[in-house]
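Enquirer: Here is my input; please provide its structure:
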Amino acid sequence: MTTPPRWNGRFDPASSDRGLGALSEVRVPVSRRPDEASARTGAGRGEGKGRRGPADPVRALMHHHHDLCARAVDPLEIAAGLEAHGVTDRTAARFRHRDVFSLAEELYARVPRAEEPALPAAPAPGRAPAARMALGALWLLPGTLCAATASAALRVDAIRKDATVGLAVGAGGAALTVIALWLCLRRGPLRVHGSGRGGRIVYVLGAGWLLGYAAVGDWLLTGLLDGRRPYEAAPATQAAVLLALAVAPAAWCAHWFAARARRRLAVSRGLEEFAAGVRPLFAGVVTAFLCALAALAPAARLAVPGSPPVATPPSMAEAAVVALCGLLFLARLLAVHGFRRAALMGTAAACAVQAVALATAAAARLPGAAPLGAPVARLTAAQGTAAIPAAACGAAALALLIYAFGALCRASAHGGPGARTARTAPATSTAPNRAP
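Expert: Residues are numbered from 1 along each chain as shown. I've put the predicted structure just below:
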């Protein structure tokens, strides 16, 4: 039996592989009594006098997180995974390290990997700029198709006085827009890695409800409260155009934030230092996205015939669409970085508020149930029917913003696939093994 190397305060890379081979086959118990520990490990009888506690305090942590360390491609993923399990700089001090990053470097050096990742092939000259241009064009495709479809459908309907041609043009353009949006969500910075079929179905249902309410929700609510009214296509079309145009700034902001956070993770030497550097980045990304929405709202007015003039102040309907864009952006950003449950809860909360508003307005039409719809009736009488989606999406977006400000500023949110896997694994104890 090979005796595992004793810890002497310094790490010897040459002896780590020989010692780890023995540690993976046999577990050597550590005793509090020096003579018993010497007898069990086969060391000399006078060698263990005066020693108490574990010889290698990192060994237990190495066993508990062996899978994480073996799959990691760099120490940054191990540091992010340890943070996801609750290991802080104060915990690292118990293992004789100044911070989590230093502890992760030792774990990365000591745990052997079965297969080292192959070096990526050098890209062909001129290929990277072409790929970036193609990806940028893909981000612009949903907004361009939706704006062109809306303008063409409404103009054809107004010129020919025939709704059939306008509906055909709108249906064809809507199908192309949905395909382009699907491609944007399957490629690039808006892609969610490792989401199961159930999670995708729930996300599609939630997003579909929110988009459907943006299209016909105000019309349904008005009909339930005040009676049947004709459907106006211009507000819903303007909302659809603004949502499609928001895909490009959302993808750019998500890409910029992920790249800068990974760069900050590479140079940070502590969890607090990393969080302090990422908080301004996240605040800047959210501000940039909101500024982009404010600039795209007039563009949506210009693209849709029959919309209010550009100089008109923003309406409550446009505020509701902006709140919906912010909610979908924050939910997608959280899902991309592994916080899928929080993203689903945020969208589900907004859907629930809108569904309750419609249900209470419908129930108020029953005999003796008029008080049920009184809150919704008072709110819509004061602010309009668009106040319901604005309040629902705005409150949900604010809740996700507060949660994301803490979650996305942690190193475990940017540690790559290994850290995302570690976050979903059950937490284990990180205390060193001690004999009773």
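Enquirer: Going along the chain, name the helices of the stretch 101-250 of the chain.
Expert: Secondary structure of the stretch 101-250 of the chain, counting by DSSP state H, counting those that start in this stretch: helices at 127-160, 163-186, 197-226, 233-245, 247-267.
Enquirer: Adding distance to A404 as columns, could you present those helices in CSV?
Expert: C-beta here means a position set from N, CA and C on the backbone, and glycine is covered the same way. Listed next are the helices of the stretch 101-250 of the chain as CSV, based on distance: least, CB to CB, whole Å:
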stretch, distance to A404
helix 127-160, 21
helix 163-186, 19
helix 197-226, 16
helix 233-245, 20
helix 247-267, 10
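Enquirer: Quickly, which of the ones you listed bottoms out on average pLDDT?
Expert: Among the helices of the stretch 101-250 of the chain, helix 127-160 carries the lowest mean pLDDT, a mean of 80.
Enquirer: before we move on, the earlier item: of the helices of the stretch 101-250 of the chain, which is nearest V58?
Expert: If you check each of the helices of the stretch 101-250 of the chain against V58 by CB to CB, helix 247-267 wins as the nearest, at 22.0 Å.
Enquirer: what's the most buried one of the helices of the stretch 101-250 of the chain?
Expert: Comparing the helices of the stretch 101-250 of the chain by mean neighbour count (mean count of other CB atoms under 10 Å), helix 233-245 ranks first with a mean of 23.
Enquirer: between that helix and helix 163-186, how many degrees?
Expert: 20 degrees (axes from the mean of the first three to the mean of the last three CA atoms, to 10 degrees).
Enquirer: So what's the gap between helix 233-245 and the chain middle?
Expert: Averaging C-alpha positions (CA atoms, centre = their mean, to the nearest Å) puts helix 233-245 25 Å from its chain's average.
Enquirer: Check stretch 349-365 too.
Expert: 29 Å.
Enquirer: Tell me which of the helices of the stretch 101-250 of the chain lies nearest to G284.
Expert: Nearest of those (CB to CB): helix 247-267, 8.5 Å.
Enquirer: returning to that earlier point: select, out of the helices of the stretch 101-250 of the chain, the one closest to A319.
Expert: Closest among the helices of the stretch 101-250 of the chain, using CB to CB: helix 233-245, at 11.1 Å.
Enquirer: Check what contacts the closest one and list those residues.
Expert: 142-143, 145-147, 150, 153-154, 177, 181, 211, 214-216, 218, 293, 296-297, 299-301, 303-307, 317-318, 320-322, 324-325, 328 (CB atoms under 8 Å, 6 or more residues apart in numbering).
Enquirer: Give me the helix or strand of this protein that scores worst on average pLDDT.
Expert: Least confident helix or strand of the chain, by mean pLDDT, DSSP states H and E, is helix 34-41 with a mean of 37.
Enquirer: Spell out which helix or strand contains the closest residue to L224 other than its chain neighbours, please.
Expert: Excluding the flanking residues, the one nearest L224 by CB to CB, 6 or more residues apart in numbering is A361, at 4.0 Å. Using DSSP states H and E, A361 sits within helix 340-363.
Enquirer: That helix: which residues count as buried?
Expert: 340, 342-351, 353-354, 357-358, 360-362 (16 or more other CB atoms under 10 Å).
Enquirer: Distance from it to the middle of the chain?
Expert: 20 Å.
Enquirer: tell me what that helix is packed against?
Expert: helix 197-226, helix 316-336, helix 374-383, helix 387-407 (3 or more CB pairs under 8 Å, 6 or more residues apart in numbering; DSSP states H and E).
Enquirer: Please tabulate those in TSV, including the columns distance to T237.
Expert: Conversion of the helices and strands packed on helix 340-363 to TSV gives the following (distance: least, CB to CB, whole Å):
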stretch	distance to T237
helix 197-226	9
helix 316-336	11
helix 374-383	22
helix 387-407	16
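Enquirer: I'd like to know which of those is closest to C253.
Expert: helix 316-336 (7.5 Å).
Enquirer: May I see the buried residues of stretch 406-413?
Expert: 407-413.
Enquirer: Equivalent analysis for stretch 291-303, please.
Expert: So for stretch 291-303, counting by 16+ other CB under 10 Å, buried means 292-293, 296-298, 300-301, 303.
Enquirer: ok, so of those residues, who is nearest V204?
Expert: L293 (23.0 Å).
Enquirer: which SS state does that closest one fall under?
Expert: helix (DSSP: H, G, I helix; E, B strand; the rest coil).
Enquirer: Does it touch P249 like I think?
Expert: Yes - L293 lies in contact with P249 (CB atoms under 8 Å); the separation is 7.4 Å.
Enquirer: Three-state assignment for D56, please.
Expert: coil.
Enquirer: what does stretch 200-215 rub up against?
Expert: Contacts for stretch 200-215 (CB under 8 Å, 6+ apart): 195, 236, 239-240, 243, 320-321, 324, 327-328, 335, 340, 343-344, 347-348, 350-351, 354-355, 389, 393.
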